[in-house]
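Asker: The following comprises the amino acid sequence and a computationally predicted model.
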Amino acid sequence: MPSKWLQWIILGLLFFALAATPTPAESQSGAVVVRIPVASSEASGQSAYTVTSQLAAQPQRIIDYGSFLWVVMDPADMASLDSSGINYQTIDNPYTLTLGGQSFDPLEGVPQVEPDRDSQSRAVTEAGPHLIQFHGPTKDAWLKKLEASGLELIQYIHPYTYLVWGNLNALSRASALDTVRWTGDYLPAYALSTDGFSLNSEPLLVRVMIFPQAGLDSTLSAIELLGGQLQSVSTGADPDFDLATFLIPGDQLPSVARLLGIYTIQPVPLDGGDRGEVSTQVNVNNVDGSNIATPGYLNWLASVNLSGEGVVIANVDSGIDESHPDLVNRMLPCTGSTCGGSLSSSHGTHTAGIMAGDGASGLMDDFGFLRGLGMAPGAGLVEQVYKPTYLETDGMLTLMTQSVENGAVISGNSWGPSSYPLGYDINTRLVDIGVRDADPTTEGIQPLSFILSIDNYNLATGYSLGTPDEAKNIISVASTYLQNWDGSQMSNINDISSNSAHGPAQDGRTVPLLVAPGCEVDSTYPGDDYGLKCGTSMASPQVTGAVALFYEKYRRAFGGDPSPALVKAAFLPVAHDLEGNFNSEGGILGHPFDSYQGWGRLDAEAVLDPSDDLAVIYFDQETLMDNTGETWSYTFTSPAPVPYLHAMLAWTDAPGPVIADEDLPTSAAAWINNLDFTLTINGDTYLGNDFDANGLSIANGITPDGMNNTEGIFLENLPAGTYTFTVTAVNIAGDGVPNLGDETDQDFALVIYVSKDAFPSQATFPIFFR
C-alpha cells in the first residue's frame with residue numbers, strides 16, 4: 001500500500017481536482033473519459049501520484065476509486081496523455097443514455113417527447129419518479145447522499161444513472177451535490193412504446209410494472225378508471241416493482257403511462273411456443289477426421305464415471321410422453337400448477353430424450369446408433385408445461401419457482417414467450433431474477449441454471465432474437481448441423497444451421513453464448529417412437545444434459561452444486577472455435593466471441609474429461625465485491641513456458657431496467673454491475689474479451705468490455721513467469737447478491753484451464769482446484 005505521505009499527496013491532488021468548478025467543456029460531448037489503472041504499491045510505477053503528476057493539463061475531473069482513476073479531460077489533452085506513457089483505457093460514449101428510443105447526452109438536452117406527467121401542476125412536495133446521473137461509476141457514499149436528500153433508489157440505468165423516487169425539493173437538494181451530473185424526470189415516453197400496440201378503442205392485454213412507492217391499490221384503481229380490467233397482480237416476484245396484467249382499450253394507454261405509478265407498459269406476447277445417439281458423440285468429440293460420429297456414448301460415459309445420476313432437470317416444454325421406454329425411468333413426480341401430467345407432445349418428448357433419454361429400449365438406427373439415448377441418461381426429469389402459465393403476470397418466474405420446488409437445479413427451455421424481438425422486456429427481467437433466486441418469496445437463495453434455445457427465425461438482417469433470448473444470466477444456445485432427414489450424418493457439423501437466429505441483443509450485448517447440434521437430431525417421439533427434428537429446440541437440450549453431467553462431477557469433487565455463473569465459466573472457454581465455417585446466413589465465421597456462435601460449439605468432453613496435461617481451477621462466488629474499485633487477484637508463478645491458457649469470468653448480474661423504445665419495448669442497456677477481467681504476465685496485461693484476428697487475447701489493449709457478463713482470456717505459447725489474474729469492480733451499481741450485504745454488491749465465478757507446466761510439483765492431472 002502507498003505510504004501515509006503519498007496518500008496525503010494523492011488526496012490533496014484529488015481534492016484540488018474535485019473542488020475546482022467544472023468548466024463548461026465538461027458538459028459537452030467533446031469531453032473524453034479514460035480509466036487509468038492505479039497500482040496498489042509504490043514500486044509498481046503507476047500510482048495515483050505518478051499519474052496525476054504526469055498529466056500535462058489539469059483534467060476537468062478526476063475521481064479516485066482506489067484501483068483506478070476516472071478522468072474527464074479535453075480531447076486536445078489526449079496527445080499529452082499518450083506521450084506520458086501512462087496506461088489507460090478509453091470509455092466510449094461515457095454519458096450517453098438510451099431512453100424512449102433516443103440516445104443522448106442529457107447535458108446537451110433531452111429529446112422532445114410528449115409532455116411530462118403533469119409535472120407543472122404537481123406540488124414540489126408531491127413525490128414522483130426522477131432520473132439522476134453521476135459523473136462516474138457508483139460510490140456507496142454518493143448513494144447515501146441521495147438517500148439523505150430524501151430520494152429513494154429504485155433502479156440503476158447505464159450509464160451512471162439512477163431511477164429514484166422523491167419530491168422536487170429532494171431532487172433539488174440532490175442536484176446541488178458535486179457528484180451529480182444531471183437530473184431530470186422519468187417521462188411517459190420511457191414507459192410506453194407504441195410498437196406492437198394499436199392505439200384505438202380495441203381492448204389490449206398488457207402487462208404493467210408499477211412503482212410500489214405510488215401505492216399499488218391507488219394505481220390499480222386509476223387504471224380501472226381509464227377502462228382497464230384487472231386480470232391479475234403480482235407482488236414480491238420482482239424486487240423493485242409490482243406487476244399487473246390488464247385488458248384495456250389501446251387509446252387509453254398514453255393516459256395510463258402518465259400516471260405517477262407507472263414504470264412501464266408492455267403487450268403480453270401471444271406468439272410464444274416451441275422452438276423445433278449421434279449428437280451425444282459429437283458433443284464429446286467421438287468423431288473421425290471427416291466429423292462423422294461413431295457409436296459408443298454409453299462406453300464413454302462409463303469411462304468418465306458420469307451419467308447425471310442424482311441431478312434433476314426441469315424439462316419446460318409442451319408435454320412429455322412419460323411412458324416412453326427411454327424416458328419412463330427418468331421421470332420424477334411433479335407437484336404444482338405447471339406440471340404436465342398426462343399432456344404429451346412430440347416436441348417435449350423429443351427434447352426430453354435429448355436431455356436424459358436412457359436408451360433402455362435398446363433400439364438401434366440403421367447406422368448402429370442407440371436411439372433414445374440422451375446426454376445425461378442417469379438424470380431425473382421433472383415435466384413442466386409452459387402454457388398457459390407464461391401468460392400470467394409473473395408466469396416466467398412461476399415456472400422457475402416450481403422447478404426448484406420439485407428439486408430441479410437446471411431448467412431446460414426449448415420455447416419462448418415471444419418470437420418477436422422485444423429486447424430486455426418484463427419476461428426477460430423475470431428470468432434474470434430467477435437464475436439468482438428462483439423463489440424470491442422464500443427465505444434463502446434458490447439458484448437455477450437456465451438453458452435456453454434462442455429463436456429459430458433468421459431475419460437475415462438486424463435482430464432476430466425472441467424473448468427471453470436477451471437475458472444476461474442464462475446460457476443461450478443456437479444450433480449447428482448434424483444429420484440429414486434420412487438419419488445419415490452431415491460432415492459440416494461446425495456450420496451454424498440456416499434456421500438459427502442470431503444476435504446481437506438490442507443493447508449490443510453478444511447473444512447467443514453457445515451453439516450445439518440441432519438440425520437434424522434423432523430422439524424420442526410419443527408412442528414408443530423415434531424421429532428427427534431440426535431447430536434450435538434440439539440444440540439447447542444437448543447443453544442441458546451436459547450441464548447435468550457437470551453438476552454430478554462437481555458434487556462428487558466438492559460436495560455441493562456449482563453456481564449458474566460457474567457453469568457458464570466452465571463451459572464457455574473450451575467450446576469449439578468455429579472460425580472459417582459458415583454462419584446461419586452463409587457468411588464466414590471469425591473467431592469467438594460473436595453473435596452467431598457465441599463462444600463456440602459445445603465441447604462437453606473438455607469440461608467433463610479435460611486433457612491430462614491441463615489443470616482446471618475453479619473459483620465459485622467466494623468473493624463479494626461491495627464497492628466500485630475493489631479488486632480480487634489470484635497469482636501463480638510458472639517455472640516453464642505455458643502452451644495453453646483459457647480462462648473465463650462470469651457473474652450473475654442484477655436485473656436490468658425495462659424501458660420503452662419507439663420501435664421496440666426496450667433497448668436500454670440491460671447491464672448493471674460491471675466487472676473487468678485482466679491477466680498480467682511479466683508486465684503485459686490482457687483484457688477480457690479483447691481478441692486479435694487469431695482469436696487470442698491482445699497484450700496491453702485499451703478497450704475493456706463494459707457490456708457482457710462473460711469475459712474470456714485466451715492465450716497460447718506463453719513464457720515462464722508470474723501470472724496474476726485480477727477481477728476489478730469497475731461499477732458496482734446494483735444489488736447483484738440479494739439478501740446479503742447492502743444495495744450494491746456483486747460476486748463472480750472464474751474457471752481457468754491452464755497447461756500443467758505451470759504446476760510441475762503436482763503429480764496427477766488434470767488438477768481440479770477450488
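Answerer: Received it, and whenever you're ready, just let me know what you need.

Asker: My read is that Ser234 contacts Leu243, right?
Answerer: Yes. In this structure, Ser234 is within contact of Leu243 by C-beta atoms under 8 Å, at 4.2 Å. In short, each C-beta sits where N, CA and C put it, glycine included.

Asker: out of these two, which sits in the busier spot?
Answerer: More crowded of Ser234 and Leu243, by other C-beta atoms under 10 Å: Leu243, with 22 against 19.

Asker: still on that earlier bit, anything in contact with each of Ser234 and Leu243?
Answerer: By C-beta atoms under 8 Å, 6 or more residues apart in numbering, Ser234 and Leu243 have these common neighbours: 393-394.

Asker: Could you count how many residues lie near Leu624?
Answerer: Burial measure for Leu624: 15 neighbouring residues, criterion other C-beta under 10 Å.

Asker: And Pro504, by the same measure?
Answerer: Neighbours of Pro504 (other C-beta under 10 Å): 16.

Asker: Surely it forms part of a helix?
Answerer: No. Assignment of Pro504 by DSSP: H, G, I helix; E, B strand; the rest coil gives coil, placing it outside any helix.

Asker: before we move on, what SS does Val206 have?
Answerer: Per three-state DSSP, Val206 ends up strand.

Asker: Need the per-residue pLDDT for it.
Answerer: Predicted confidence (pLDDT) at Val206: the value is 95.

Asker: beta partners of it?
Answerer: Bridge pairing for Val206 (DSSP bridges) gives the partners Phe246, Pro267.

Asker: List the contacts of it.
Answerer: Per C-beta under 8 Å, 6+ apart, neighbours of Val206: 245-248, 253, 265-268.

Asker: Filter those residues down to the buried ones and hand me the ChimeraX line.
Answerer: Of those, the buried ones can be selected in ChimeraX as follows, counting by 16 or more other C-beta atoms under 10 Å:
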select :245,246,248,253,265,266,267,268
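
Asker: The contacts of Val206 into TSV, with extra columns for distance to Tyr634?
Answerer: Output for these, formatted as TSV (distance: C-beta to C-beta, whole Å):
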residue	distance to Tyr634
Thr245	47
Phe246	51
Leu247	55
Ile248	54
Leu253	52
Ile265	46
Gln266	42
Pro267	47
Val268	46
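
Asker: ok, so of the contacts of Val206, who is nearest Ser323?
Answerer: Proximity of the contacts of Val206 to Ser323 was ranked by C-beta to C-beta; the top entry is Val268 with 34.3 Å.

Asker: just the contacts of Val206 now: which is nearest Pro704?
Answerer: Gln266 (32.3 Å).

Asker: for the closest residue to Phe677 other than its chain neighbours, helix, strand, or coil?
Answerer: Leaving aside its chain neighbours, Phe677 sits nearest to Gly688 (3.5 Å; criterion: C-beta to C-beta, 6 or more residues apart in numbering). Of the three states, Gly688 takes strand under three-state DSSP.

Asker: Could you tell me which residues within stretch 753-760 count as buried?
Answerer: Within stretch 753-760, judged by 16+ other C-beta under 10 Å, the buried ones are 753-759.

Asker: now it, how far from the chain's geometric center?
Answerer: Distance of stretch 753-760 from the chain centroid (C-alpha atoms, centre = their mean, to the nearest Å) equals 30 Å.

Asker: Equivalent analysis for stretch 723-730, please.
Answerer: With C-alpha atoms, centre = their mean, you get 20 Å for stretch 723-730.

Asker: One more: stretch 439-453?
Answerer: 14 Å.

Asker: Quick check: mean pLDDT of that stretch?
Answerer: 94.

Asker: End to end on that stretch, go ahead and measure it.
Answerer: 23 Å (C-alpha to C-alpha, to the nearest Å).

Asker: ditto for stretch 93-109
Answerer: Stretch 93-109: ends 15 Å apart by C-alpha to C-alpha.

Asker: Surely Pro269 is in contact with Gly423?
Answerer: No. Pro269 lies out of contact with Gly423 (C-beta under 8 Å); the separation is 12.0 Å.

Asker: Which one's more surrounded, the two?
Answerer: For Pro269 and Gly423, the more surrounded residue by other C-beta under 10 Å is Gly423, and the numbers stand at 26 against 23.

Asker: I figured the more buried one was touching Asp507, is that so?
Answerer: Yes. In this structure, Gly423 is within contact of Asp507 by C-beta under 8 Å, at 7.3 Å.

Asker: okay, and the common contacts of these two?
Answerer: Here Gly423 and Asp507 have 470, 667 as joint contacts, going by C-beta under 8 Å, 6+ apart.

Asker: how many neighbours does the residue nearest to Phe677 have?
Answerer: Neighbours of Gly688 (other C-beta under 10 Å): 25.
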